[in-house]
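> give me a 3D structure for the following:
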Amino acid sequence: MGLKTPKLLMLGLIRFLIVVLITFFVAGLILVYHQELLRILWNKPESQWVTWLWYLISWLLAAVLVGLSAVISFLVSQILFSVLIMDMMSRITEKKVTGHVRESNKVRWWQQFLFLIKQEIPRATVPVLLSLVLMVIGWLTPLGPIIAILSAAVAVIFLAWDNTDLIPARQLIPFRERFRSLRRSLLFHLGFGLLFLIPVLNILFLSFAPVGATLYQIDKNKI
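As a prediction, the model looks like this:
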């Protein structure tokens, strides 16, 4: 549906391009100061026997910085731009399938939009920060492989929920009730989010995820 519906295709591609452009901008900005950061950590040694290790750390630092830029770009685009695009895609999908859009009439449109942004901040930042914490713990303990799998599972569950939560959030359902619904459907959200683990392609899958997530909510609630 996301590819066959012109409006959904356009919005999905816009969201994809926003994430890519911000990623390139942040990555370029970070890599400009790559050498300065490396000098702070370790000046280039004069000994030829140690220089190879310095180059290895340089490449590892560059890889970490690029990965960090991707995370920062996702969070920035998600909070500032994507929440609006995601809601629009969800509305178009819901109207196309059911003929109407269910939302709360208790607040004005701008209040609802601010509410969506407010909800997006914990949904986007908490899982990423939690995954990073688990990753660091994995580096410091012998349980690294197990914790790495756990952190990936936590990330994809919350990324999937970020999309399936669009309709309930639009209807101003309390956060506690929506989170309770997530706990009852962890396996579905884990399966829904597995595609988000594929590097590079995950950005494209995330761009059109609101369509599938809205279809899930429609089928679940028989709207």
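> and for stretch 214-223, what's in contact with it?
1, 89-90, 93-94, 97-98, 102, 163-164, 166-168, 188, 192 (C-beta atoms under 8 Å, 6 or more residues apart in numbering). Bear in mind the C-beta positions are built from the backbone N, C-alpha and C, glycine included.
> out of those, which end up buried?
Of the members of the contacts of stretch 214-223, the ones counted as buried by neighbours, 16 or more other C-beta atoms under 10 Å, are 89-90, 93-94, 163-164, 166-168, 188, 192.
> mind checking which of these land in helices?
The members of the buried ones among the contacts of stretch 214-223 that map onto helices under DSSP state H are 89-90, 93-94, 163-164, 166-168, 188, 192.
> what about the closest residue to residue 25 other than its chain neighbours, how many neighbours?
Leaving out its chain neighbours, the residue that sits closest to residue 25 by C-beta to C-beta, 6 or more residues apart in numbering is residue 73, at 7.7 Å. Residue 73 sits with 21 neighbouring residues when counted by other C-beta atoms under 10 Å.
> residues contacting residue 73?
By C-beta under 8 Å, 6+ apart, the contact set of residue 73 is 19, 22-23, 25-27.
> so who does residue 209 touch?
159-160, 163, 192, 196.
> now the two most distant members of the residues you listed.
The span of the contacts of residue 209, defined through C-beta to C-beta, is set by 163 and 196 at 9.9 Å.
> could you report the pLDDT at residue 41?
Residue-level confidence at residue 41 comes out at 66, pLDDT.
> when you give positions from now on, start the count at 49
Will do, 49 is the new start, and the previous item becomes residue 89.
> mind listing the strands for this structure?
Assigned strands in the chain: none (criterion: DSSP state E).
> list just the nearest of the contacts of residue 121 to residue 228.
Each of those was scored against residue 228 by C-beta to C-beta, and residue 67 proved nearest at 30.2 Å.
> picking up where we left off before, so how far is residue 78 from the residue nearest to residue 73?
Distance, residue 121 to residue 78, using C-beta to C-beta, to the nearest Å: 10 Å.
> what's the answer for residue 171, then?
25 Å.
> more neighbours, those two?
The neighbour comparison of residue 171 against residue 78 (other C-beta under 10 Å) goes to residue 171, with 21 against 17.
> list only those of the contacts of residue 121 flagged as buried.
Buried by 16+ other C-beta under 10 Å: 67, 70-71, 74-75, out of these.
> quick one, helices of the protein?
54-80, 82-89, 96-125, 131-146, 157-188, 192-212, 214-218, 223-231, 234-241, 249-269.
> could you say which of those is packed most deeply?
Mean neighbours per residue, mean count of other C-beta atoms under 10 Å, is largest over the helices of the chain for helix 214-218, with a mean of 23.
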